[in-house]
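Colleague: just a sequence and a predicted model for now, questions to come.
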Number of protein chains: 2
Amino acid sequence: MRLAELSERSGVSTTTIKYYLREGLLPPGERVTATQADYSEEHLRRLGLVRALIQVGRVPVATARQVLEAVEDDSLDLDSRLGTAVGALPGVPTLPGAVPDAATGQAESAVAGLVERLGWSTRPDYPGHTMLVAAVSALARLGYPCGVDELLPYGELADRLAVHDLDLMERFDTPVTRLEAAVALTVLYEPVLLSLRRLAHAEQSQRRYHARSDCGPPATADGA
Amino acid sequence: MRLAELSERSGVSTTTIKYYLREGLLPPGERVTATQADYSEEHLRRLGLVRALIQVGRVPVATARQVLEAVEDDSLDLDSRLGTAVGALPGVPTLPGAVPDAATGQAESAVAGLVERLGWSTRPDYPGHTMLVAAVSALARLGYPCGVDELLPYGELADRLAVHDLDLMERFDTPVTRLEAAVALTVLYEPVLLSLRRLAHAEQSQRRYHARSDCGPPATADGA
């Protein structure tokens, strides 16, 4: 397909597509004349991933290039490429402490205790670890509950989601589509998870507190 | 305590505290002289919440004011104040479609099916619902798996987390501290959840793929 069609099918403007091509986020099309190139279904799929990274993952262009290079690098095995690609994704915002403080120490022990309780073999250099310590430090710094016992339900559920996510990824059958899916599913399921949690809060809060004053059925979670 | 001590204990500069006071995000201190005011532990706690909203939740100042007004508004019952406060929090970034398209329709049915399977009574005007449809549309638009079956594990786990979160909130014993906790825990546990999911991916990927090529123990999740 020509650039105009790639733009129409992807919903991305031709100016933006040209920018992505210049920045190496999309491989060049097959040149057909001096001024025209032909693009394939792979370009369309890759363009979707680039948009997911930049618009949903808020990934800077240089980082997106790094993620995509890891996806393409067939000198490495699948697990290493996956680790590099996902590891390059930027962290979620947390509340930075100016300097490591008592809350940082408290968070580090809570995370170490959690990893042990979950039977994980992750180390502090794994993707997500530093971000987790920062996120737990923010809770500790403000005096909110964030010990191993409070974190454990979150950890157990994350563990189950990860198994589910890998199953989804395995539906894709080539290394490149599988790695693209891993990156896309990591980024695109984050807003799904957060919005489901907000919706679940509304549901559970209604069950727990509305049943007390309204004439609805007794709330099952009531008094848990 | 004086402004300088409030700044030192919170890690927030006096300039920023003055800005929050002017914007009505912090109640005024008790005036002791023409130029000095006295601040309490409640100011310190509230300042923590404001930082969590602005720095972690990326909440605009006007929205933060709206959230805090709902927290303080004792003309409403707890569930309504909770709904208003949490409902005012901005959504997480998703991939916008220019116009509602086939993917939007697909996402709307998937979400309706999911809500039914979960036995929830949430409606499209609930906090999180629009955000969830947008997040699922992005997956649909890029051709990634996002039907009821794929969403269900996420929904079930969100449901359990919500029960856990309400239990944490109930540890706080006045309406205001409980509402503050609900807002803070909603915002501050989001990066905990996302970083735990990333870390769980690393753990599960290692179990599943490393065991195949390395001499480690057989992966239990292998071939699931």
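Modeller: Good, I have the coordinates.
Colleague: how deep is residue A:169 tucked in, by neighbour count?
Modeller: Around residue A:169 there are 23 other residues, counting by other C-beta atoms under 10 Å in any protein chain shown. Bear in mind the C-beta positions are built from the backbone N, C-alpha and C, glycine included.
Colleague: that one against residue A:180, yeah?
Modeller: No - using C-beta atoms under 8 Å, residue A:169 is not in contact with residue A:180; the gap is 9.5 Å.
Colleague: do you know the pLDDT at residue A:210?
Modeller: Reported pLDDT at residue A:210 in the predicted model: 72.
Colleague: contacts only, for residue A:74.
Modeller: By C-beta atoms under 8 Å, 6 or more residues apart in numbering or on different chains, the contact set of residue A:74 is residue A:175.
Colleague: what are the phi and psi values at it?
Modeller: phi -80, psi 10 (degrees, to the nearest 10).
Colleague: roughly how far apart are it and residue A:82?
Modeller: 13 Å (C-beta to C-beta, to the nearest Å).
Colleague: what ranges do the strands span in chain A?
Modeller: Counting by DSSP state E, the segments of chain A that form strands are A:30-31, A:37-38.
Colleague: and those strands, which is most packed in?
Modeller: When you average the neighbours per residue for each of the strands of chain A (mean count of other C-beta atoms under 10 Å in any protein chain shown), strand A:37-38 leads with a mean of 15.
Colleague: hmm, who's touching that one?
Modeller: Counting by C-beta under 8 Å, 6+ apart, residues outside strand A:37-38 touching it are A:1, A:2, A:3, A:28, A:29, A:30, A:31, A:32.
Colleague: just the residues you listed that are near chain B?
Modeller: Residues shared between those and the neighbourhood of chain B: none [C-beta under 8 Å from any C-beta of the partner chain].
Colleague: in helices only, show me these.
Modeller: residue A:3 (DSSP state H).
Colleague: what's the closest of the contacts of strand A:37-38 to chain B?
Modeller: Minimum distance to chain B across these is 16.4 Å, recorded for residue A:1 (C-beta to the nearest C-beta).
Colleague: show the buried residues in the contacts of strand A:37-38.
Modeller: A:3, A:29 (16 or more other C-beta atoms under 10 Å in any protein chain shown).
Colleague: JSON lines for the contacts of strand A:37-38, including distance to residue A:135 and pLDDT?
Modeller: Formatted as JSON lines, the contacts of strand A:37-38 follow (distance: C-beta to C-beta, whole Å; pLDDT from 0 to 100):
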{"residue": "A:1", "distance to residue A:135": "43", "pLDDT": "91"}
{"residue": "A:2", "distance to residue A:135": "46", "pLDDT": "93"}
{"residue": "A:3", "distance to residue A:135": "42", "pLDDT": "94"}
{"residue": "A:28", "distance to residue A:135": "40", "pLDDT": "92"}
{"residue": "A:29", "distance to residue A:135": "42", "pLDDT": "92"}
{"residue": "A:30", "distance to residue A:135": "45", "pLDDT": "93"}
{"residue": "A:31", "distance to residue A:135": "48", "pLDDT": "91"}
{"residue": "A:32", "distance to residue A:135": "50", "pLDDT": "91"}
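Colleague: what is the least confident helix or strand in chain A?
Modeller: helix A:211-213 (a mean of 50; mean pLDDT, DSSP states H and E).
Colleague: which stretches of chain A form helices?
Modeller: A:3-10, A:14-22, A:41-51, A:61-72, A:78-87, A:102-118, A:129-141, A:148-169, A:175-205, A:211-213.
Colleague: make CSV from these and add distance to residue B:21 to it.
Modeller: Converted to CSV, the helices of chain A look like this (distance: least, C-beta to C-beta, whole Å):
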stretch, distance to residue B:21
helix A:3-10, 48
helix A:14-22, 43
helix A:41-51, 41
helix A:61-72, 38
helix A:78-87, 42
helix A:102-118, 25
helix A:129-141, 21
helix A:148-169, 32
helix A:175-205, 30
helix A:211-213, 36
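Colleague: weakest of these by average pLDDT?
Modeller: Lowest mean pLDDT of those: helix A:211-213, a mean of 50.
Colleague: how many neighbours does residue A:189 have?
Modeller: For residue A:189, the count of nearby residues is 27 (other C-beta under 10 Å).
Colleague: repeat that for the one 3 residues further on.
Modeller: Using other C-beta under 10 Å, the number of residues around residue A:192 comes to 26.
Colleague: and it, how far is that from chain B?
Modeller: Using C-beta to the nearest C-beta, to the nearest Å, one gets 4 Å for the distance from residue A:192 to chain B.
Colleague: could you measure from the closest residue to that residue other than its chain neighbours over to residue A:40?
Modeller: Excluding the flanking residues, the one nearest residue A:192 by C-beta to C-beta, 6 or more residues apart in numbering or on different chains is residue B:135, at 4.5 Å. Distance, residue B:135 to residue A:40, by C-beta to C-beta: 28 Å.
Colleague: neighbour count: the two, which is higher?
Modeller: Using other C-beta under 10 Å, the more surrounded residue of residue B:135 and residue A:40 is residue B:135, with 29 against 13.
Colleague: that one contacts residue A:187, correct?
Modeller: No - the pair residue B:135 and residue A:187 fails to qualify as a contact (C-beta under 8 Å) at a distance of 10.5 Å.
Colleague: residue A:18: what's it in contact with?
Modeller: With C-beta under 8 Å, 6+ apart, residue A:18 has these contacts: residue A:3.
Colleague: how far does stretch A:125-133 stretch from one end to the other?
Modeller: 12 Å (C-alpha to C-alpha, to the nearest Å).
Colleague: next, the contact list for residue A:186, please.
Modeller: Here residue A:186 is in contact with A:86, A:89, A:165, B:198, B:201 (C-beta under 8 Å, 6+ apart).
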